[in-house]
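In: got a sequence here, can you build the structure:
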Amino acid sequence: MSTAPAPGRRTGLLAYVVAGVLFGLVLTKAELISWFRIQEMFRFQGFHMFGVFLLAMPTAILTVQALKRAQARSVEGEPIALAPKTMGPRYVLGGAIFGVGWALAGACPGPLFALLGAGAGGGTIAVVIAAALIGTWTYGWLRPRLPH
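Out: Below you'll find the model as predicted:
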């Protein structure tokens, strides 16, 4: 029995890889993976990153609304649906953990592979990627035991 993806799914996965590479190039060229830019933001010494966030919010809102209106489907044909969120202390705690990790590593999870591809940090970024993957796996393992 073959475990290779079906041709239609393979094309869909290739689209994700291409989109990821293009996203990594944009992150790199816009200096969003720059340790200097990230530290500048956390020290409130520059507007560069905050400007990107201010543009990202309306872009995300418009994109989600467009996906909803178009009744978009995943590569597997399933409807794309976002579960409603109820704000609470877990978001504050999660945001704080995310922010501390971002400040310590000098990179948020989004551009980690772009940093690796750009050759930034030598082997250091590989350690950060490994830690991010271990953290993600740990959350997945603990999730059934956590209050949601």
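In: CA only for contacts and neighbour counts going forward, please
Out: Noted.
In: how about the secondary structure of the residue nearest the centre of the chain?
Out: The residue lying closest to the centre of the chain (C-alpha atoms, centre = their mean) is Gly110, at 3.6 Å. Three-state assignment for Gly110 (DSSP: H, G, I helix; E, B strand; the rest coil): coil.
In: tally of neighbours for Ile129?
Out: Look at Ile129: counted by other C-alpha atoms under 10 Å, it has 17 neighbours.
In: same question for Gln65.
Out: 12.
In: again with Leu32
Out: Neighbour count of Leu32, defined by other C-alpha under 10 Å: 22.
In: switch to numbering from 25
Out: Sure thing, new numbering starts at 25, so read that last one as Leu56.
In: OK, contacts around it?
Out: For Leu56, the contact set (C-alpha atoms under 8 Å, 6 or more residues apart in numbering) comprises Ile62, Met73, Pro135.
In: the first one reaches Phe71, doesn't it?
Out: Spelled out, it's Ile62. No: contact criterion C-alpha atoms under 8 Å: Ile62 and Phe71 do not qualify, at 10.5 Å.
In: in three-state terms, label Lys109 for me.
Out: coil.
In: pull the number of nearby residues for it.
Out: 7.
In: and Leu46, by the same measure?
Out: By other C-alpha under 10 Å, the residues close to Leu46 number 13.
In: helix or strand for it, which one?
Out: Under the criterion of DSSP states H and E, Leu46 resides in helix 31-53.
In: buried residues, the helix or strand following that helix. List them.
Out: Downstream of helix 31-53, the next assigned helix or strand under DSSP H and E is helix 59-66. Across helix 59-66, burial judged by 16 or more other C-alpha atoms under 10 Å covers Trp59, Arg61, Ile62, Gln63, Met65.
In: from those residues, pick the one nearest Ala144.
Out: Nearest to Ala144 among the buried residues of helix 59-66, counting by C-alpha to C-alpha, is Trp59 at 9.6 Å.
In: SS state for Phe68?
Out: On the three-state scheme (three-state DSSP), Phe68 is labelled coil.
In: separation between it and Gly44?
Out: 29 Å (C-alpha to C-alpha, to the nearest Å).
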